[in-house]
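# okay, predicted coordinates and the sequence, questions at the end:
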Protein chains: 2
Amino acid sequence: MRRVHPIEEESYRIMRELVDLSHLEPLSRAVAERVIHASADLEYAVSLHLDERALQSGYEALRHGAPVVVDVNMVGAGITARETLCFVAHPRAREKASEHGTTRSAAGFRLAAQEVGEGAVWVVGNAPTALFELLAMAEVEPALVVGLPVGFVGAAESKEALIEGPLPSVANRGRKGGSAVAAAAVNALIYYEEA
Amino acid sequence: MRRVHPIEEESYRIMRELVDLSHLEPLSRAVAERVIHASADLEYAVSLHLDERALQSGYEALRHGAPVVVDVNMVGAGITARETLCFVAHPRAREKASEHGTTRSAAGFRLAAQEVGEGAVWVVGNAPTALFELLAMAEVEPALVVGLPVGFVGAAESKEALIEGPLPSVANRGRKGGSAVAAAAVNALIYYEEA
């Protein structure tokens, strides 16, 4: 069992005075609260797209040791309780990116798809291009897509496409997102303890 | 010279349509724009506390290869163009933290202070306790403190103390902040090119 630091307890207490998420189902609430705890941004209480069944799928995959693929190393650095896979800095990602006129994050996801089978957890905390690439790889069949890229170019659009599509996912609406909130969403599932 | 990716160019173009920061002095503008580019959060346009002289001090330190100390590994993962120092995961940080009833981030800053001399750049993207610890270490004499911790417990207070104090700093007012914006502020100075 994870020991919760007193500062984290105090943070959750203050957060719960500011926003009431008790109407959410258990995993949805765990994810929403950890995202808001990590960002101190109450906007996520309304902008997150939460689907308990999708989160259940991700939770079970993580419990059974499914690989966790991340788009950038910052996301991996935020998931301290688990190994993660990231190919953004791989020499072949650089090559593939310039060959195909795409980003290294997107090329990294292509490389990852060759390494992991179905049922992995895929996490995007930075690059909309990586999320669009993932949506184009029908063969991947993720257990869960954590889609929380950030920015002015394509972030909102890529998340809309994820939310509208068939993959089990957690995402938010709008431009905000980022490595810290993506890691927080995954950590919420890793740390979750059934009552 | 750093090659700017077309997506980054487009992001800056959109951002500049949404918020005008052209009244700021050069380094202040560079930091504000990169923080907003990284977070897609326009609130930083008003919440950042920017001091051109402090940023000049940090810029020159970075140009001359000053050490960059970070509170957590996520911040280091976001600063890809430079080596950074982080002691949060050091076994002695864990020991010191439980001995002194502090956090590992704060204890990590104590360890770092023994390793680097005056004139380093100190970066807090996560832990208010690390920022408070830094403010208590009179001997450190940083070239710049990037103080952008996040959260409901102590983040706003630690940044107020930094802003009110004598150290050259960049910070924001309020609870928001985080690894990505802290890394962005440092990257703005690393990437800055004089006109």
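Thanks, I have the structure now.
# chain neighbours aside, what residue packs nearest to the residue nearest the centre of chain A?
Per Cα atoms, centre = their mean, the C-alpha nearest to the average position across chain A is that of residue A:146, at 2.8 Å. Counting by Cβ to Cβ, 6 or more residues apart in numbering or on different chains, residue A:146 lies nearest to residue A:123, which is 4.3 Å off, once chain neighbours are set aside. The way it works is simple: take the backbone N, C-alpha and C, and place the C-beta from them, glycine included.
# list the contacts of the one you found.
A:68-71, A:75, A:79, A:84, A:145-146, A:148, A:182-183, A:185-186 (Cβ atoms under 8 Å, 6 or more residues apart in numbering or on different chains).
# make JSON lines from those and add pLDDT and secondary structure to it.
As requested, the contacts of residue A:123 are arranged in JSON lines below (pLDDT from 0 to 100; DSSP: H, G, I helix; E, B strand; the rest coil):
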{"residue": "A:68", "pLDDT": "98", "secondary structure": "strand"}
{"residue": "A:69", "pLDDT": "98", "secondary structure": "strand"}
{"residue": "A:70", "pLDDT": "98", "secondary structure": "strand"}
{"residue": "A:71", "pLDDT": "98", "secondary structure": "coil"}
{"residue": "A:75", "pLDDT": "98", "secondary structure": "helix"}
{"residue": "A:79", "pLDDT": "98", "secondary structure": "coil"}
{"residue": "A:84", "pLDDT": "98", "secondary structure": "coil"}
{"residue": "A:145", "pLDDT": "98", "secondary structure": "strand"}
{"residue": "A:146", "pLDDT": "98", "secondary structure": "strand"}
{"residue": "A:148", "pLDDT": "98", "secondary structure": "coil"}
{"residue": "A:182", "pLDDT": "98", "secondary structure": "helix"}
{"residue": "A:183", "pLDDT": "98", "secondary structure": "helix"}
{"residue": "A:185", "pLDDT": "98", "secondary structure": "helix"}
{"residue": "A:186", "pLDDT": "98", "secondary structure": "helix"}
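# chain B: which of the residues you listed is nearest?
residue A:183 (7.5 Å; Cβ to the nearest Cβ).
# and the closest one, how many neighbours?
Using other Cβ atoms under 10 Å in any protein chain shown, the number of residues around residue A:183 comes to 29.
# and for residue A:80?
Residue A:80 has 15 nearby residues by other Cβ under 10 Å.
# any idea how far it lies from residue B:33?
For residue A:80, the distance to residue B:33 equals 31 Å [Cβ to Cβ, to the nearest Å].
# just the helices from chain A, written as ranges.
For chain A, helices defined by DSSP state H occupy the ranges A:6-18, A:26-39, A:44-47, A:52-63, A:73-78, A:91-100, A:104-115, A:128-136, A:155-164, A:179-191.
# residue B:136 is nearest to which of these?
helix A:6-18 (17.4 Å; Cβ to Cβ).
# so for the closest one, what gets flagged as buried?
A:7, A:8, A:11, A:12, A:15 (16 or more other Cβ atoms under 10 Å in any protein chain shown).
# partners of the residue nearest to residue A:146 in the sheet?
Here residue A:123 sits in beta bridges with residue A:70, residue A:146, going by DSSP bridges.
# and residue A:148, what does it touch?
A:123, A:124, A:125, A:159, A:170, A:171, A:172, A:177, A:178, A:181, A:182, A:185.
# so who does residue A:135 touch?
Taking Cβ under 8 Å, 6+ apart as the test, what residue A:135 contacts is A:158, A:161, A:162, A:165, A:167.
# to what extent is residue A:186 buried, counted in neighbours?
28.
# I misspoke; the intended subject was residue A:136.
Residue A:136 has 11 nearby residues by other Cβ under 10 Å.
# so which of the buried residues of helix A:6-18 are also by chain B?
Among the buried residues of helix A:6-18, the ones lying near chain B by Cβ under 8 Å from any Cβ of the partner chain are A:7, A:11, A:15.
# of those residues, which is the nearest to residue A:42?
For those, the nearest to residue A:42 is residue A:15 (8.4 Å; Cβ to Cβ).
# quick one: that closest one and residue A:37 touch, right?
Yes. Taking contacts as Cβ atoms under 8 Å, residue A:15 lies within contact range of residue A:37: 5.9 Å.
# which residues do the two both contact?
Listed as contacting both residue A:15 and residue A:37 by Cβ under 8 Å, 6+ apart are residue B:152.
# and of the helices of chain A, who's closest to residue B:118?
Of these, the one closest to residue B:118 (Cβ to Cβ) turns out to be helix A:73-78, at 28.1 Å.
# grab the nearest non-local neighbour of residue A:40.
Nearest one to residue A:40, counting by Cβ to Cβ, 6+ apart, is residue B:175 at 3.7 Å.
# same deal with residue A:31?
residue A:188 (4.4 Å).
# dump the residue contacts of the one you found.
Residue A:188 touches A:27, A:30, A:31, A:33, A:34, A:35, counting by Cβ under 8 Å, 6+ apart.
# cool, and residue A:103?
So residue A:103 contacts A:97, A:127, A:129, A:130, B:5, B:7 (Cβ under 8 Å, 6+ apart).
# re earlier: in JSON lines: the buried residues of helix A:6-18, plus distance to residue A:51.
JSON lines is the format used below for these (distance: Cβ to Cβ, whole Å):
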{"residue": "A:7", "distance to residue A:51": "30"}
{"residue": "A:8", "distance to residue A:51": "26"}
{"residue": "A:11", "distance to residue A:51": "26"}
{"residue": "A:12", "distance to residue A:51": "23"}
{"residue": "A:15", "distance to residue A:51": "22"}
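# great, nothing more from me.
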